[in-house]
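# structure for this input, please:
(chains A and B)
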Amino acid sequence: MLAARASAARSASRIARNARKFATVVDSAGVKVAAADNGEPTTAVTFLVKAGSRYEPKPGVAHALKNYAFKSTDKRSFLGTVREAELYGGVLSSSLSREHLALTAEFLRGDEAFFVDVLSSFLTSAKFTRYELTETVGPVCEAESTAALHDPATHALELAHALAFRNGLGNSIFATPGHHVTAEDVKAFAQSVFGAGNVAVLGTGIEAGALEQLLQKSLGKFSSSASPSSTPSSYFGGESRIGAHHGPQTVFVGFGTAGAPAPELAVLASHLDPTPSVKWSQGTSPIAASVPAGTSVRPVLLPYSDASLFGLLVQGQTTADVKTAAKAAVDALKTAGSLKGEELQKAVAKAKFSAASAFDVRDGLVSTVGPKILSGSPASITDAISALEKVDASAYSKAASSLLKSKPTFVAVGDIASLPYADELGL
Amino acid sequence: MTIAGPLGVSFASTIRRNRTLYRWFKPLSDWYANVAGHRKVGLKYDDLLVEERPDVERAIARLTPREQFDRAFRFKRASQCSVLHDNLPKDQWIKPEEDVRYLKPHVVDVVKEDLERAKWDNIEVKRTR
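Residues are numbered from 1 along each chain as shown, chains lettered A, B, ... in the order given. Sure, this is the predicted structure:
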């Protein structure tokens, strides 16, 4: 019954008809531009640059580059940028992932000329002065790293990436005080990645044509640059334990694959996700019933351009609870490959919903559509949904069993004397 | 010394722009720089800037570690000269070509930043559309 309704009412074409349409064009500066105006009261423009920690020549450089955003350029000083943006009532932000650096400006309609110019002047004429590194960028990097690594979940995922992919994707996105990054390092990295071909511009609440015109004006003399070099990712896996005396006890059990991310993994993640769809109830995931109260199990699916990491993050107050929950999670993961019939349809529907709802919010758009636009592949909601619709029992069980054949990535953060080892969980 | 900003009043740019004035003043200023005596105790002219000011302090912090080390060394050597009531041996004097304004560009930057901050603090916003 569910299958019949799913195919009729929730088909990809129907979802796509009402979804935001992104017109992808290449403007004269060679930058890929995608924009959609759905009548939002505010406009947001994001410059997505292939400058994540994966491509950094030296640890910590990408993080420093992220914090150099909106500092002094040839056009205006750091203070001038901040004060002028405040007068316009806009918000400037930068964020870093393992593959991309995103520079975002959110502002009221009508102010796009100024904010697009602020964003593009960072790409074309940032000064990267030494004193900014010591006075503002360095301390901010240090504070961000300390705060992020104080969170056991973030720390566990950082360690998991290092174990799973070693170099490239395994590089930490956080600079630590031990990383001796100089302004020259950051400048050289910026010059190698800031160029046409490595930058995609995404706009919401603005017409593609208008955005393109503004970019032609502000990025006029934008040189093209080669794609930053990185070795293709391969998956390794391993085990690591770090003692920590703050926050919940944390265990991460993960598996990875090299190659383009498969839609089957999204189905697997939504099958195992114990979050209930209705408040105050228990989810129907096989894990949900055997997780002790106060302990959480969260499926983590991190797709990258040429690899993906899938895992379960178990957090709880006591190590005994975490061990019980992790054991249940590993058992569920091992039997997850034999999913078929309505159970599989349910998981596919859930995965389709989360894929579709990512297109609803701006952050989701930047993280899902952005990388696709940058790599030149079609980035429409139809493709994302229809790829999930094509998942059948045989493809799914094949993907799940090949995933489980790889060496597990196991990370324990917390009281390492009593947190379980990988072999105790049956890995 | 510190009237009108950390660098004091200077007509240098005006004089340098006028060729006649420059030809008159250049020998005079060279003579004065030698007579002032800071080179004889191993100091550069920028070492004499009054540093007990927030802006100059910030400018000093922007020097490279090497420049800061050299500056501290020159001060130590000069205070030893002061203790001995003597100048350095002539071969250790700062030569005119070594007496460069290593701190001035940073001070100018800091002053410019402070002025810009004052401008933004007191700006009057007018709606144009």
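# and residue A:84, what does it touch?
A:76, A:114, A:118 (Cβ atoms under 8 Å, 6 or more residues apart in numbering or on different chains). Every C-beta, even on glycine, is put in place using the N, C-alpha and C of the backbone.
# and for residue B:108?
residue B:7.
# now do the one helix or strand it maps to, average pLDDT.
Here residue B:108 sits within helix B:104-121, counting by DSSP states H and E. What helix B:104-121 shows for mean pLDDT is 94.
# and that helix, C-alpha only, in CSV?
Taking Å, rounded to 0.1, in the frame of the first residue of the first chain, the C-alpha atoms of helix B:104-121 are listed here in CSV:
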residue,chain,number,x,y,z
LYS,B,104,57.4,54.3,10.6
PRO,B,105,55.2,52.4,8.0
HIS,B,106,53.6,50.4,10.9
VAL,B,107,53.0,53.6,12.9
VAL,B,108,51.4,55.2,9.8
ASP,B,109,49.2,52.2,9.3
VAL,B,110,48.1,52.2,13.0
VAL,B,111,47.4,55.9,12.9
LYS,B,112,45.3,55.5,9.7
GLU,B,113,43.3,52.7,11.4
ASP,B,114,42.7,54.8,14.5
LEU,B,115,41.5,57.7,12.3
GLU,B,116,39.2,55.4,10.3
ARG,B,117,37.8,54.0,13.5
ALA,B,118,37.1,57.6,14.7
LYS,B,119,35.5,58.3,11.4
TRP,B,120,33.2,55.3,11.6
ASP,B,121,32.4,56.0,15.2
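# how about the longest helix along chain B: buried residues?
Longest helix of chain B, by residue count under DSSP state H: helix B:65-84. If you call a residue buried by 16 or more other Cβ atoms under 10 Å in any protein chain shown, then helix B:65-84 has these buried ones: B:71, B:74, B:78, B:81.
# any part of it near chain A?
No: counting by Cβ under 8 Å from any Cβ of the partner chain, chain A has no neighbours in helix B:65-84; the shortest distance is 10.3 Å.
# using CSV, list the CA coordinates for that helix.
Output of helix B:65-84 as CSV, limited to C-alpha atoms (Å, rounded to 0.1, in the frame of the first residue of the first chain):
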residue,chain,number,x,y,z
PRO,B,65,60.3,38.7,15.5
ARG,B,66,63.7,39.4,13.9
GLU,B,67,63.1,43.2,13.9
GLN,B,68,62.0,43.1,17.5
PHE,B,69,65.1,41.1,18.5
ASP,B,70,67.4,43.5,16.8
ARG,B,71,65.6,46.5,18.3
ALA,B,72,66.0,45.1,21.8
PHE,B,73,69.7,44.4,21.1
ARG,B,74,70.3,48.0,20.0
PHE,B,75,68.6,49.3,23.2
LYS,B,76,70.8,47.0,25.4
ARG,B,77,74.0,48.1,23.6
ALA,B,78,73.0,51.8,23.9
SER,B,79,72.3,51.5,27.6
GLN,B,80,75.6,49.9,28.1
CYS,B,81,77.2,52.9,26.2
SER,B,82,75.2,55.2,28.6
VAL,B,83,76.7,53.3,31.6
LEU,B,84,80.2,53.7,30.2
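# what mean pLDDT would you report for it?
96.
# ok, stretch A:369-379 next?
Stretch A:369-379 comes out at a mean pLDDT of 79.
# and for stretch A:248-260?
93.
# give the burial count for residue 99, as a bare number.
As the question left the chain open, I've gone with chain A. Summarising burial for residue A:99: neighbours were counted as other Cβ atoms under 10 Å in any protein chain shown, giving 23.
# wrong chain, I was asking about chain B
By other Cβ under 10 Å, 18 other residues sit near residue B:99.
# what does residue A:90 give?
With other Cβ under 10 Å as criterion, residue A:90 counts 20.
# gap between the nearest residue to it once chain neighbours are set aside and residue A:121?
Nearest residue to residue A:90, sequence neighbours excluded (Cβ to Cβ, 6 or more residues apart in numbering or on different chains): residue A:107, at 3.4 Å. Look at residue A:107 and residue A:121: by Cβ to Cβ, to the nearest Å, they are 16 Å apart.
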